[in-house]
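Colleague: sequence? don't have it. structure:
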Ligand code: PEP
Ligand code: MG
């Protein structure tokens, strides 16, 4: 009997092969102390292991640079920094010197402590950093224990499906894409560094499958479907048939994506809609471009700070912003200032424990309270405006006073740059995200102080409906088609038009075919979404008429319930688009 397991899609494509089980985990470390005389020896062993691990990481960084390029190679930087981090080094030395622990036990304890501190949240970015941390721990501990390098994959046959509890960047980089047809892991996130590398290497990957490494047996057949996030162990003939036909359809779709990427994003009756990409990491800019992004509608900058022990400097930030700006020399790039707090916290800020973090010290509130941190970012952003059409976007704004304060800080930083002879574009644009009912209702006032609006429906839905966006138990109540949301979208669109400023949507709703149909019907002329969704949404736009979208939006605005709103949209879109519901989400009938 075949076993079907669902996880999250992390790298597109579909593959079949024989299971190769990999146990890349933290080794058991016995609790042991040493005599006082032996403490210097343990200290020396710890430093030697650190130097060895740094050497290995540098080698891997160089190999990655040669194989995939300099941007991907920087993925190893956080781990290299970790090995020099005073929190790690001094904490471990303290356990050796004060408690006389062996180097391995002291290091393991210190890393467990740091891990516990970070794992207060389940935010994917923090999990990504924990994954980096684990990579370092596994490597150093095996070395201190005198083990053979467990990441040696030389015994692997061609065409295997690599199955593991989780992977790490240094492990994936040793994988030969000609040998590994697909990857399935129990844990992990789409934004984990190793998953990004798997995407660059074009290996179909499914993460977060739960128990795949326990249920799979070495040498058994398996299918990995990286588009829908499914793993089939021990497939039977009918599973294989599904696999073959999906593989054929996916190949056709992939060819279509390349063609769609080049096409205009224009409705049947000639209305052009700007389609932009949301980026979580600068390295994704190229994929966004290949999927037809016309600029970046939301560049989340939290990757620079979450899980780090120190604040990133102006130069590092500037380079990241500039990299994305230069990837889109002819289009606008909207860079959002740090959206910290909620479930994203950097270690160096000592975020307080709050009863309601989503209603707490978050986003623009943190930035305005910490001008030391914020000014550095504003300076880096201003400098990036000299390298493209960089626009500065503020998250979770409620009040014009917040915009006014940011303008003051910007004016001071501009002054400094001018005096130092550092170039920036004085005509840059500043706008806000509309993410709260307060901002939506007060949009007319905000519009007088902003150059653009971008509606963050992920948060707007959460705050309008009082439904935590991360609470899976409430997922059925988190509905972007609720009439209260639709009315706010309409209000913000109307106000922006009247004020003559641009309005776009950069929440998940824009990547939903029915959502996109509603938004364009409300005369929102720019949509931004995770780049894999761009071709699908462009197809929707090219297959509908603006007049039908407007009419459906008018009906949706008068609909009394969420179900009625959805019905108006389904009827409005009619047969022009072949819609399906997949995993509770509206989708096109492209292979999902
Ligand atoms: C949003 O809230 O819709 C948004 C795009 O921002 P984030 O998902 O990063 O909160
Ligand atoms: Mg938001």
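Modeller: It's in. A quick note: this is a predicted structure, and the numbers were derived from the prediction, not measured. Ligands and ions are numbered 1, 2, ... in the order given.

Colleague: contacting residues around the closest residue to residue 477 other than its chain neighbours?
Modeller: Closest residue in space to residue 477, ignoring its immediate chain neighbours: residue 467 at 4.9 Å, by CB to CB, 6 or more residues apart in numbering. For every residue, glycine as well, the C-beta is placed using N, CA and C. Counting by CB atoms under 8 Å, 6 or more residues apart in numbering, residue 467 makes contact with 461, 474, 477, 478.

Colleague: nearest to residue 422 among those residues?
Modeller: Of all the contacts of residue 467, residue 422 sits closest to residue 461, with 40.4 Å by CB to CB.

Colleague: I'd assumed residue 484 was in contact with that closest one.
Modeller: No - using CB atoms under 8 Å, residue 461 makes no contact with residue 484, being 9.4 Å away.

Colleague: neighbour count: these two, which is higher?
Modeller: residue 461 (24 against 14; other CB atoms under 10 Å).

Colleague: what about that one, distance to ligand 2?
Modeller: To ligand 2, residue 461 is 10 Å away according to CB to the ion, to the nearest Å.

Colleague: that's a strand at residue 264, yeah?
Modeller: No - using DSSP: H, G, I helix; E, B strand; the rest coil, the secondary structure at residue 264 is coil, not a strand.

Colleague: could you measure from the closest residue to it other than its chain neighbours over to residue 542?
Modeller: Spatially, and ignoring its direct neighbours in sequence, residue 264 is nearest to residue 272 (6.7 Å; CB to CB, 6+ apart). Residue 272 is 11 Å from residue 542, where distance means CB to CB, to the nearest Å.

Colleague: now do the shared contacts for those two.
Modeller: Common neighbours of residue 272 and residue 542 (CB under 8 Å, 6+ apart) are 264, 265, 266.

Colleague: now narrow these to whatever sits close to ligand 1.
Modeller: When contact is defined as CB under 6 Å from any ligand atom, the shared contacts of residue 272 and residue 542 do not meet ligand 1 at all.

Colleague: of those residues, closest to residue 115?
Modeller: Looking across these and measuring by CB to CB, the closest to residue 115 is residue 265, at 44.3 Å.

Colleague: can you tell me the SS state at residue 433?
Modeller: At residue 433 the chain is in strand, as set by three-state DSSP.

Colleague: just checking, it touches residue 392?
Modeller: No - at 11.4 Å, residue 433 does not count as touching residue 392 under the criterion of CB under 8 Å.

Colleague: of these two, which one has the most company?
Modeller: For residue 433 versus residue 392, the count of surrounding residues by other CB under 10 Å is larger for residue 433: 28 against 23.

Colleague: dump the residue contacts of the more buried one.
Modeller: Counted by CB under 8 Å, 6+ apart, residue 433 has contacts 336, 393-397, 439, 453-456, 459, 506.

Colleague: need the residues of this protein near ligand 1, please.
Modeller: Counting by CB under 6 Å from any ligand atom, the chain sits next to ligand 1 at 298, 300, 339, 435, 456, 457, 458, 459, 506, 507.

Colleague: of these, list those near ligand 2.
Modeller: 435, 456, 459 (CB under 5 Å from the ion).

Colleague: point out the least confident one among these.
Modeller: The member of these with the lowest pLDDT is residue 459, at 92.

Colleague: which SS class is residue 203?
Modeller: Reduced to three states by three-state DSSP, residue 203 is coil.

Colleague: that one and ligand 1: what is the separation?
Modeller: 27 Å (CB to the nearest ligand atom, to the nearest Å).

Colleague: which pLDDT value goes with that residue?
Modeller: 91.

Colleague: same question, the one 10 residues further on
Modeller: We have a pLDDT of 94 for residue 213.

Colleague: re the thing from before, and the residue nearest to residue 264, what does it touch?
Modeller: 264, 265, 266, 525.

Colleague: surely the third one and residue 541 touch.
Modeller: Yes - at 7.1 Å, residue 266 counts as touching residue 541 under the criterion of CB under 8 Å.

Colleague: can you pull the phi/psi pair for residue 384?
Modeller: Backbone torsions for residue 384, taken as degrees, to the nearest 10, come to phi -70, psi -20.

Colleague: gap between it and ligand 1?
Modeller: 20 Å.

Colleague: how about that residue: what's its closest non-neighbour residue?
Modeller: With CB to CB, 6+ apart, the residue lying closest to residue 384 is residue 321, at 3.7 Å.

Colleague: give the other helices and strands that the helix ranked longest in the chain contacts.
Modeller: When the chain is parsed with DSSP state H, its longest helix is helix 39-68. Using 3 or more CB pairs under 8 Å, 6 or more residues apart in numbering; DSSP states H and E, the elements in contact with helix 39-68 are helix 70-73, helix 77-84, helix 86-99, helix 103-118, helix 124-144, helix 169-172, helix 193-200.

Colleague: would you convert the ones you listed into CSV that also reports mean pLDDT and mean neighbour count?
Modeller: Supplementary listing: these in CSV, determined by pLDDT from 0 to 100; neighbours: other CB atoms under 10 Å:
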stretch, mean pLDDT, mean neighbour count
helix 70-73, 72, 16
helix 77-84, 86, 17
helix 86-99, 94, 17
helix 103-118, 89, 19
helix 124-144, 81, 22
helix 169-172, 76, 25
helix 193-200, 77, 25
